[in-house]
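Visitor: next one to model:
(chains A, B and C)
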Amino acid sequence: MKEAAAQLWVEKYRPRAVSEVAHQEEVVATLQKAVKEPAGRGDLPHLLLYGPPGTGKTSTALALCRDLFGPQHYRSRVLELNASDERGIKVVRDKIKVFAQIAVVSNVNTKGPDGKTYPCPPYKIIILDEADAITRDAQTALRRTMEVYSRVTRFIIICNYVSRIIGPLASRCAKFRFNPLPMDAMKGHMRRIAKDEGVKVSDETLKFLIHSSDGDLRKAINTMQSAHRMQSDTDLDMDSISAAACLVPPSVVAAFDKATTAKGHTNTSVRKAVDEILSEGYSPIQLLAQYADRLNRRTQSEGVSKMNDMQKASLALVIASAEKALIDGCDEKIQLYDVASSISRIAHAPEDIQVLKVV
Amino acid sequence: MPKKRSSGAFGGRDDTAAQPAPKKPRWVPRTDDPPNRGNKPLPVGAPNCLSGKVFVITGVLDSLLREECTDLCKEYGARVVSAVSGKVTHAIVGTEPGASKMAKVKAKSIPSIDEDTLFDMIRASRPQQPHPMSVVDQPVQAEPAAEPEKKPARTPTRVKSSSFATSSKRAKPSAATSSSALWVDKYKPTTKSELVANQKAVRDLSAWLAGWKRKFLYGDGHSRKLKDRSDTDYAAALLVGPPGIGKTTAAHIVCREAGFEPHEFNASDVRNKGGVQNLGETVMVANTMSKYFRISGKSKKKSTYPQGQALIMDEVDGMSGGDRGGSQELIRMIKKSKVPIICIANDDSSSNMRSLANNCFKIRFRKPMTKQVTSRLVDIVRKEGFRAIQDQTLVKLAEGCNGDIRQMINLLQAWRTTSPSLSFGDVKKRLEVEGKTVIQKSVFELARGFFSPGIDGSSNSLIARTDSYFTDADLIPLFIQENYLQTMAASQSLSALADAAESISEGDLCNALVRGQQRWDLMPTGAVLSALRPGTLVAGGISGQLMFPSLLGNISKGNKWKRIVQGLEMKIKAVKTSTGSTRSFRLDYIPALTTCLATPLIQSGEVGIDEVTERLDCYYLERDPDWIDILECGVYGKGRSPMENIRGGVKSSFTRSYNAGTHARSTVTGCRVGVKTADTAASAKKSTVVGGGRTWLLWMTMLGLTTRRKRRIVRTRTSSMTSARSKQRKAPRARRERRLARREVGEVAVEAEVEVKVVAVAVERRVHLAARNVHLESKILRSSSDGRLFDCVIV
Amino acid sequence: MSTEGLLWVDKHRPSTFSELSYHSVLTKNLQSLSNTEVPHLLFYGPSGAGKRTRVHCVLRALFGQVVEKKKVVHRTLKVETKQIEVTTVASAHHIEVNPSESGNNDRLVVQELIKDMASSAPLDMKKSLKVIVLHDVDQMSQLAQQALRRTMERYSKTCRVIMVAESITKVLEPLRSRCLGIRVALPSKSDIGVVLQSVAHKEGITLPDALVQRIAETSGRNLRRALLQFEATRVSVGALELPSDAQVMLGDWEYVCQDLAVMLTRSQTAHQLIAVRKKLQELLAHAVPGDVILRRLLEEILRIADDEICPEICRVAAKFDRNLTKGTKPIFHLEAFAARFMQIYAAFLKQQAAMMD
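Guide: The predicted structure follows:
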């Protein structure tokens, strides 16, 4: 029991076969064909899977390998490397090359111990997870390896930003983009896990959870697990979700909005609102992101969403530069002071807005 | 307020312009801009019309900088001296003349003239033409007809690429230049008497070489102790002196004349330990071989080199770096050599040269006197068929090249390829472009230059300042930062002050990028932001010596305290607690601890000793150094320092009673390996010099000025005078046009300065923007909601 | 060892859940967590909120009294050709380390330490877990955080990681999602009052409520700072009964920042700026970080300056804060801020004077 509890749900509910992968129809269809086709012709190209996190890239790659080789040959045929392994140019030259060189016996359509038949094509697969973190030098070194040993080795390169992969490498692969999961697909998936794990969660909360995770299924599952850990006996509510996802609770964002835009507020009181938020330990970047979200919403009739486009545009500039500063590691208080006082200045002069000079 | 004009214009500073004009700032330095600079046409007169006259200049002239006036006089054959003496024929007096000079001028009853009179004197020398209209013919003959062809030669890049290409075609007409050999080789002295300068050094060298065999081959020279030796008792000689003054040539000539066969090894040979060893052997073997040949009858060599061989080691100061162990091996070789060795170096002050110098007979070569060189140059010029070149021109060339004979001859050859005549102005311009007029200044002087920017053409122009920035790109910004508050302008305008401070702050960002990401391309931007711009913004004299940057001392002090605080933290951590981060340990813990460890002693004197001792024991801290460190760690105003507030008597009785008791000591050693701070290392490190005179062009290319504009700036920069003059010759309304042209030159120069600043800011902004774009880009990829934010920004 | 001489902040530090006085919901959750099995934890929140105290309580609940026996160990890790020295605080069951102190080598420190710890079999098989506490995770390099993520997974059977960070945003998302995030907010002013009064009670000191209020104010709700200020104030008063108008003892640098703000508003000349620079340099030389100086200086200035120019001052401060973070020489940016403020303030005063006329 203890072991099971310690297991991450993400691992537990990882798709075992390509067909189980949620929502990525195009990829799934292509890959399934690769599995079903009479193997031995080696018609699987090198793959480059890219897209935002939590959309199933790694899961797909692993499931594909499992489908192809089955548990029996999995270990000998698949090499999995991710960012936490050493992946300098040395590793590319030694480990990857050595593995790529090994010839394999063609034992097509072997029966696995579980009785299923696996195509087991005559090549090996090297999965390079989080390939955006591989240095350029190492990527360059990889080019030749990919070509020379393509007869016996296929590469699956997985990354978030395809722009970080050097051109020559990307052009050798069949590219598949993974899209962020839409609300519905995620909802079904989450419901199922919640049912299996006995998590009590209302539709509203689930919607909030999914919305806050931006189409990142892994994040959503992790958040749910964390929230469940902290609050196992009662229904999950918005606050516990916010806490588990390190979000700023919507009420706090609303209060911030109100404090900065409402009439009659002095600069002192605006700064006080900032102090309050910071001493609660909320993440300022998260606050800004959620605030920007509010900025874009047109449904609400109060606070920042009431502003005209000019105001919003200049506000967006302020927020963007503060966010950049925060990511660079600037002081949270000073930056938020700036944002807050700029917001109140902009809010109080709706007619006469000049786009604030970006300094 | 004409005085302000130039600096105000390119400083782009609004409030300076608003300053009351009549209040003429006290700090105006002597070299300040003439009030009507660029507004007067330069006079044109007959060549050498001023010859025989001797001028002295004092005060600020009406339209010319002092250097310009000097050049003008020299161009027409006059001499300009700096001190008033009996020989002076005229004193050129401007506004605010030097009092002592004027007194002397009066005493010696030398006629004083002003700038305009000088101009008239020059103009008057042109006899037949009353005025502009008919000027056309005559000057064209006086001034070389090659004028238009020469133009391209003025941009430095062209000369280099084209000089040899054109030389083959153009060299033909004059018989003397028929040979394509480098003049430097062609006119290399071949006998001792032809050596231009350093006669004594040459004599010393030949005396040493003459006595060599007697001492070291047949005598006991090698075995004699170092300190017993007199000057010439060394087996090797070391010739030291600046480049291009004929050291190598002298060595060769002396060797030959003394009957030795010179064998030269220079930087192109491998000269590490093994290399030198091999070389030594080769020489020895060759020696015996030639002897062998001599015996066997092939005796032609015998007559030429009866004394055998001599080894010339050229450029020995270049033997560091790759040539590991080379100089040690060389010293070893010297100690038992069978042939005389002559080493040649530019600089003997470096550490690895010192040990070599100790084993050599040192002969110093000095820069030749201008006169000595000029006679040689006159000789060459005559032989190469230059048309009558004035002595003044050659003197200027000799001065400009800083005594480097090789350089002078090379320059002459380059000129000869384009034209058979040479004027004073050409030489001057050429030297400016080549940057040979830069004189080594101390970093103090260089930094001071930034606060008194001169406009285009003066000795402290934008280019000059950029160059001086790159002589020490690490130290100059610190100097600027240390001193920019001291100028007069700084105390007058707060906004200039704030702008300067901001610019310095942004310069540091550039610096961080250069260091952190090797963005060397940002070096020029850094130069503008951290030195040129702030200096210009608060331009003005500084009374007294510049301060040395206190920042350096403070950085090392900061590191010391960081180390101490970390050590204390570790000691206290070992006790049952853990105290927040290191940062909060310094900010919260230490102040409280200070109060607890000092106040009892301050308030209750001896009674408080027990309390303090107990606290120290609790944390396993010791009186020395921990207690002292904690008390001194804070920053206190006058009278608040806890250490000072404890009475001396209490302090000493605390020490006594503490030492009397036994105390547990922490097992934690104070210091731990922290993060090395790069600042000190970086600032101590010698700077990487990006470039000298060429920086300017490089820089403009980098800043992406349009080609047209670039060409314009460079053109006006290099050929302002000539173009103005040629216009005068051709056009009827020459005077007006000339004025216009000159004004344009001035404007473009100012414009260029402003532009560089603007562009520099733009580059910096681009860096910002690029950073933001990357950021936004990544955000779009990250999630769709932020993509919306980006749209918003676009709006 | 006597504990009498310890500072109160150390002496009265809670070491069990029952002693914790505020954030009761959080305490309950932590308690129930440590009773079952602990996932990897990530504590985050502002300085002085009590993160480390809570980490300590969790350790105490897991392993009992033994964790109190800590010692400081200097270790030398040999990785390939490099030798890295780290200082750790360790007991039989846990090890505390601040990897960011090792600069660029933090990745190796994390990998080696966890590997080392996980591979040695635990002494007590019943309490099979070992815990590694990582301080200042937000200061660790990206590479180190990436490495940590993998290492955590690999050794998750024998080893738990508890991380402490001030800012959650600088912790990588994959790392965040692998642990249970625990936000520790600053105690409210009344919470601080309760803690101070209980300490005062234990020490036999009379502490008037007005003074408590002021300490809570000056400490900015930072409990550690509040306790230290309380004790410093007590020592400087010298009696057991504190008067309600006693001056709260601030840190040395806080006084200097106050002085600076006064200097800047009193006169705006180049001469004054030189004096300001001297003070700033002195602070920096005494190991006070530049961003702390800037923040405090801004706070002090905002307190003095008129409301109208505050947004502009904030704007300028934000700009130089950015420069300060990216630059290498803090003094340049602090001085530039001071100069810019002088200009703004002088212009404002001039405008005011003009309006008066």
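
Visitor: which positions in chain A make contact with chain B?
Guide: Counting by Cβ under 8 Å from any Cβ of the partner chain, the residues of chain A close to chain B are A:52, A:160-161, A:180, A:214-215, A:289, A:292-293, A:295-296, A:309, A:312-313, A:316-317, A:319-321, A:323-324, A:327, A:358. C-beta: built from backbone N, CA, C; applies to glycine.

Visitor: how far away is C:L228 from C:R295?
Guide: 19 Å (Cβ to Cβ, to the nearest Å).

Visitor: and these two? which has more neighbours close in?
Guide: C:L228 (29 against 19; other Cβ atoms under 10 Å in any protein chain shown).

Visitor: over to the more buried one: give its phi and psi.
Guide: Main-chain torsions, C:L228, degrees, to the nearest 10: phi -70, psi -40.

Visitor: just to revisit the earlier point, among the residues of chain A next to chain B, which are in reach of chain C?
Guide: Okay, of these touching chain C (Cβ under 8 Å from any Cβ), that's A:I327.

Visitor: are any of the residues of chain A next to chain B buried, and if so which?
Guide: Neighbour counting by 16 or more other Cβ atoms under 10 Å in any protein chain shown classes A:52, A:160, A:180, A:214-215, A:289, A:292-293, A:295-296, A:312-313, A:316-317, A:319-321, A:323-324 among those as buried.

Visitor: helix/strand/coil for the one residue in the stretch 1-150 of chain C that gets nearest to chain A?
Guide: Chain A sits closest to C:R150 of the stretch 1-150 of chain C, with a gap of 2.6 Å, by Cβ to the nearest Cβ. Here C:R150 is helix, with the state taken from DSSP: H, G, I helix; E, B strand; the rest coil.

Visitor: and it, how far is that from C:S156?
Guide: Taking Cβ to Cβ as the measure, C:R150 falls 11 Å from C:S156.

Visitor: for B:I463, same thing?
Guide: In terms of Cβ to Cβ, B:I463 sits 64 Å off from C:S156.

Visitor: what of B:A210?
Guide: 88 Å.

Visitor: check B:S100 too.
Guide: B:S100 sits 89 Å away from C:S156, taking Cβ to Cβ as the criterion.

Visitor: looking at these two, which is more packed in?
Guide: C:S156 (18 against 11).

Visitor: phi, psi of the more buried one?
Guide: Main-chain dihedrals, C:S156, degrees, to the nearest 10: phi -70, psi -10.

Visitor: next: the one 3 residues further on.
Guide: Dihedral pair for C:C159: phi -150, psi 130, per degrees, to the nearest 10.

Visitor: burial count for it?
Guide: When neighbours are counted by other Cβ under 10 Å, C:C159 comes out with 21.

Visitor: where does the stretch 201-350 of chain A dip in pLDDT?
Guide: Flagging of the stretch 201-350 of chain A using pLDDT under 70 yields the residue ranges A:232-233, A:298-305, A:350.

Visitor: check which residues of the longest helix along chain A are buried.
Guide: Counting by DSSP state H, the longest helix found in chain A is helix A:57-77. Neighbour counts over helix A:57-77 (16+ other Cβ under 10 Å) mark A:57-70, A:72-74, A:77 as buried.

Visitor: output the helix or strand following that helix as CSV, nothing but the C-alphas.
Guide: Helices and strands here follow DSSP states H and E; after helix A:57-77, the next one along the chain is strand A:78-81. C-alpha atoms of strand A:78-81 as CSV (Å, rounded to 0.1, in the frame of the first residue of the first chain):
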residue,chain,number,x,y,z
VAL,A,78,15.6,1.2,-26.1
LEU,A,79,18.0,3.9,-24.7
GLU,A,80,16.3,6.7,-22.8
LEU,A,81,18.3,9.8,-22.1
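
Visitor: return the distance of the helix or strand that comes right after strand A:78-81 from the chain's centre.
Guide: Going down the chain from strand A:78-81, the next helix or strand is helix A:89-91, by DSSP H and E. Using Cα atoms, centre = their mean, to the nearest Å, the mean C-alpha position of helix A:89-91 is found 27 Å from that of the whole chain.

Visitor: show me what contacts the closest residue to chain C within the stretch 101-250 of chain B?
Guide: Residue of the stretch 101-250 of chain B nearest chain C, by Cβ to the nearest Cβ: B:K101 (34.8 Å). Counting by Cβ atoms under 8 Å, 6 or more residues apart in numbering or on different chains, B:K101 touches B:V56, B:T58, B:V84, B:A91.
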